[in-house]
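Colleague: I would like the atomic coordinates for the input below:
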Amino acid sequence: MDKKQTKTETKKTDTEKLEFEKLNLEIVELKKQVDEFKNKYLRAIADYQNLEKRVGDERFELMKIANKAMLIKILPFLDNLEKAELFIKDPGLKISKDHFMQILKEAGLVEIEVLNKDYDPVTAEAVQLVPGKEEGKVVEVLRKGYMFEDKIIRVAQVKVSKKL
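Modeller: Next up is the predicted model:
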């Protein structure tokens, strides 16, 4: 009886070992799957974060383009306000123009300073040459030039001196 019992116990142990090995293989396979899903999840999160950043950047760029287009349309109105200020000495007009200019500056508009500087064809358009003491100096600004986001949106129109 002892031999029979030992044989059954051996069969049980062999069967248990096989089951144990199967379970170990299954555990290893499941761990691989978990790692694979974890990597896919992390990649998906990274892709989503990159997409969010790209969409945010694109939205910001579109806003800058829209602001630039609006500023370009507003510049003739600003020119007219400045001309009116020359002829109409009204403190209310000056306050309104200064306030309007402050709003445009806060939006990113920057006036290009060219008066009494060397003529630069990148920032200014020479409309007239006038006799002067120095060669190539801007002596008068006929229409101001402006930049937005470090890019020229309108060059200044100027008179440039020509040495006699």
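Colleague: scan the protein for its longest helix.
Modeller: Of all the elements of type helix in the chain, the one with the most residues (DSSP state H) is helix 2-87.
Colleague: contacts for stretch 145-155?
Modeller: If you take CB atoms under 8 Å, 6 or more residues apart in numbering as the criterion, stretch 145-155 is touched by 64, 67-68, 71-72, 75, 108-112, 114, 122-125, 143, 156-157. Glycine gets a C-beta too; all of them are placed from N, C-alpha and C.
Colleague: for the longest helix of the chain, the distance to its chain's centre please.
Modeller: Averaged C-alpha coordinates place helix 2-87 at 23 Å from its chain's average position (CA atoms, centre = their mean, to the nearest Å).
Colleague: and that helix, average pLDDT?
Modeller: Here helix 2-87 scores 90 as its mean pLDDT.
Colleague: what's the answer for stretch 118-132, then?
Modeller: The average pLDDT within stretch 118-132 is 96.
Colleague: how about that stretch as CSV, C-alpha atoms only?
Modeller: Listed next in CSV are the C-alpha coordinates belonging to stretch 118-132 (Å, rounded to 0.1, in the frame of the first residue of the first chain):
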residue,chain,number,x,y,z
ASP,A,118,20.5,106.9,-40.5
TYR,A,119,18.1,105.9,-43.3
ASP,A,120,17.5,102.2,-43.3
PRO,A,121,15.4,100.9,-46.2
VAL,A,122,14.3,97.9,-44.1
THR,A,123,12.4,100.1,-41.6
ALA,A,124,11.6,103.2,-43.8
GLU,A,125,10.6,104.2,-47.3
ALA,A,126,12.3,107.3,-48.6
VAL,A,127,9.6,109.4,-50.2
GLN,A,128,11.7,112.5,-50.8
LEU,A,129,15.3,113.7,-50.7
VAL,A,130,15.9,117.1,-49.2
PRO,A,131,19.1,119.2,-48.9
GLY,A,132,20.8,118.8,-45.5
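Colleague: quick check: buried residues in that stretch?
Modeller: For stretch 118-132, the buried set under the neighbour-count rule, 16 or more other CB atoms under 10 Å, comprises 119, 123-124.
Colleague: residues contacting residue 86?
Modeller: With the criterion set at CB under 8 Å, 6+ apart, residue 86 makes contact with nothing.
Colleague: how near is it to residue 65?
Modeller: Separation of residue 86 from residue 65 (CB to CB, to the nearest Å): 33 Å.
Colleague: give the next helix or strand downstream of the stretch of helix or strand residue 147 belongs to.
Modeller: Secondary structure from DSSP states H and E places residue 147 in strand 145-148. Beyond strand 145-148 on the C-terminal side, the first helix or strand identified by DSSP H and E is strand 151-154.
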